[in-house]
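In: What follows is a predicted protein model with its sequence.
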Amino acid sequence: MIAPHSAFIDILGSRRHVLTWGDPTASPVVMVHGLLDHAHNWDWIASALADRHYVVAVDLRGHGDSDWTGRGSYALFNHVLDLADCVHALGLGSLHLVGHSMGGHIALRFAATFPEQVRSLCSIEGVELPIMRDQAKAPKSYPIRLRQWIDGQRRDRQRTARIYADVAAAAARMAEHNPGVDAETIAHLAHHGVTRTTDGGWRWKYDDACRNRAPEDAHGVDLDEILAAIACPTLLAYGGDSWIPEPAADRLACIANHRLVRFPGASHWLHHQSRAAFLAALTDFFETIR
């Protein structure tokens with residue numbers, strides 16, 4: 001892999017960390033990781049694209065080496081704001097946008113909001129949030145969802161971070177939750193995903209408050225409007241063995257120009273489990289954009 005350049009973007013005194021690869025004058029690709037993840041998730045894909053593109057991977061607020069921003073500040077629109085600020089600070093235009101899981105949801109919203117800036121969009125299992133599907137199956141009124149969110153915020157204030165004896169123990173935990181991902185990938189992601197504690201242990205870098213999704217995120221009423229506003233060619237990637245179901249046909253029909261690619265045998269981290277196949281599909285997709 002090619003080692004990335006690391007930099008920080010100051011947003012009113014709060015830092016967002018970015019990794020970059022390649023020539024800054026080349027066609028830009030911006031990559032957005034998922035929940036409780038970090039920008040180094042893209043190291044392999046970014047390295048492979050760096051000979052043709054300027055690749056930027058963002059650490060979302062509360063993740064990786066970006067600053068934590070406090071409880072109640074991790075709704076999707078906050079992340080879209082940060083992405084917009086980072087793109088503006090870096091002077092990027094006519095960009096290819098790639099997002100995984102929650103990063104895919106963020107990418108959809110950015111592409112819909114700033115269609116003139118996005119040349120193409122790839123969302124890996126990132127159209128419908130799991131909490132949107134839960135809401136559809138068992139609808140709850142906004143006051144109930146808001147109360148549950150507040151209760152969750154209060155519970156989270158009592159949480160303490162899980163401490164690991166060493167990085168290997170953290171990697172073992174990650175491997176347990178991500179069967180099918182090879183040991184080398186797990187070790188790399190764990191290495192970049194933990195930080196040393198004052199007592200000599202190790203904890204994950206992300207802010208636990210990120211887990212508690214905002215009630216607005218679960219509603220999903222505006223999702224069809226978001227999808228309909230996406231003007232660029234869109235690639236949707238899904239794992240054949242993933243726990244994330246593909247969106248229904250009526251939902252997909254809202255995206256005017258899209259294709260859906262399935263990766264047999266892969267799960268939610270398909271860009272690791274089927275890395276070569278995903279990279280080939282993404283590269284082919286980029287080459288069709290004029």
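Out: Noted; the coordinates are in hand.

In: how close does residue 280 get to residue 48?
Out: Residue 280 is 10 Å from residue 48, where distance means CB to CB, to the nearest Å. For every residue, glycine as well, the C-beta is placed using N, CA and C.

In: Can you pick out the residue with more neighbours from these two?
Out: Between residue 280 and residue 48, residue 48 has the larger neighbour count (other CB atoms under 10 Å), namely 20 against 12.

In: excluding its backbone neighbours, what's nearest the more buried one?
Out: residue 279 (5.5 Å; CB to CB, 6 or more residues apart in numbering).

In: so where is the protein shaky, pLDDT-wise?
Out: Within the chain, the segments meeting pLDDT under 70 span 218-221, 290.

In: Would you map the helices across it?
Out: 43-49, 76-90, 102-113, 130-137, 142-156, 167-177, 183-193, 215-219, 223-228, 249-252, 270-273, 275-287 (DSSP state H).

In: Indicate which one of these is closest to residue 235.
Out: Relative to residue 235, the nearest member of the helices of the chain by CB to CB is helix 275-287, separated by 4.7 Å.

In: in that closest one, what counts as buried?
Out: Buried residues in helix 275-287, defined by neighbour count with 16 or more other CB atoms under 10 Å: 275, 277, 278, 281, 282, 285, 286.

In: As a markdown table, these with distance to residue 77 would be great.
Out: Converted to a markdown table, those look like this (distance: CB to CB, whole Å):
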| residue | distance to residue 77 |
| --- | --- |
| 275 | 31 |
| 277 | 33 |
| 278 | 28 |
| 281 | 30 |
| 282 | 27 |
| 285 | 27 |
| 286 | 28 |
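
In: Residue 196: which of those residues is nearest?
Out: Scanning the buried residues of helix 275-287 for proximity to residue 196, where the rule is CB to CB, the winner is residue 275, at 29.5 Å.

In: With adjacent residues omitted, what lies nearest to that closest one?
Out: Among residues not flanking residue 275 along the chain, residue 44 sits closest, at 5.9 Å (CB to CB, 6+ apart).

In: Return the distance of the one you found relative to residue 241.
Out: Note on residue 44: its distance to residue 241, by CB to CB, is 20 Å.

In: Comparing the two, which residue is more hemmed in?
Out: Using other CB under 10 Å, the more surrounded residue of residue 44 and residue 241 is residue 44, with 19 against 13.

In: Please identify which of the buried residues of helix 275-287 is nearest to residue 265.
Out: Checking those one by one against residue 265 (CB to CB), the nearest turns out to be residue 277, at 9.8 Å.

In: Identify the residues contacting residue 236.
Out: Residues near residue 236 by CB atoms under 8 Å, 6 or more residues apart in numbering: 122, 123, 127, 247, 252, 255, 258, 259, 260, 261.

In: Which members of these occur in strands, if any?
Out: Members of the contacts of residue 236 lying in strands (criterion: DSSP state E): 122, 123, 258, 259, 260, 261.

In: Just the buried subset of those residues, please.
Out: When the ones in strands among the contacts of residue 236 are checked for burial by 16+ other CB under 10 Å, the buried set is 122, 123, 258, 261.

In: what would the residues you listed look like in CSV with distance to residue 211?
Out: Shown next, in CSV, are these (distance: CB to CB, whole Å):
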residue, distance to residue 211
122, 25
123, 21
258, 30
261, 29
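
In: Looking at the residues you listed, which one is closest to residue 197?
Out: When those are compared for distance to residue 197 (CB to CB), residue 123 wins out at 34.9 Å.

In: which residue sits closest to the closest one in space, ignoring its chain neighbours?
Out: residue 104 (3.6 Å).

In: repeat for residue 20
Out: The shortest distance from residue 20 to any residue other than its chain neighbours is 4.8 Å, reached at residue 5 (CB to CB, 6+ apart).

In: swap in residue 37?
Out: With CB to CB, 6+ apart, the residue lying closest to residue 37 is residue 63, at 6.6 Å.

In: just checking, the one you found touches residue 208?
Out: No: judged on CB atoms under 8 Å, residue 63 makes no contact with residue 208 at a distance of 11.4 Å.

In: ok, those two, which is more surrounded?
Out: Counted by other CB under 10 Å, residue 63 and residue 208 do not tie: residue 63 has more neighbours, with 29 against 18.
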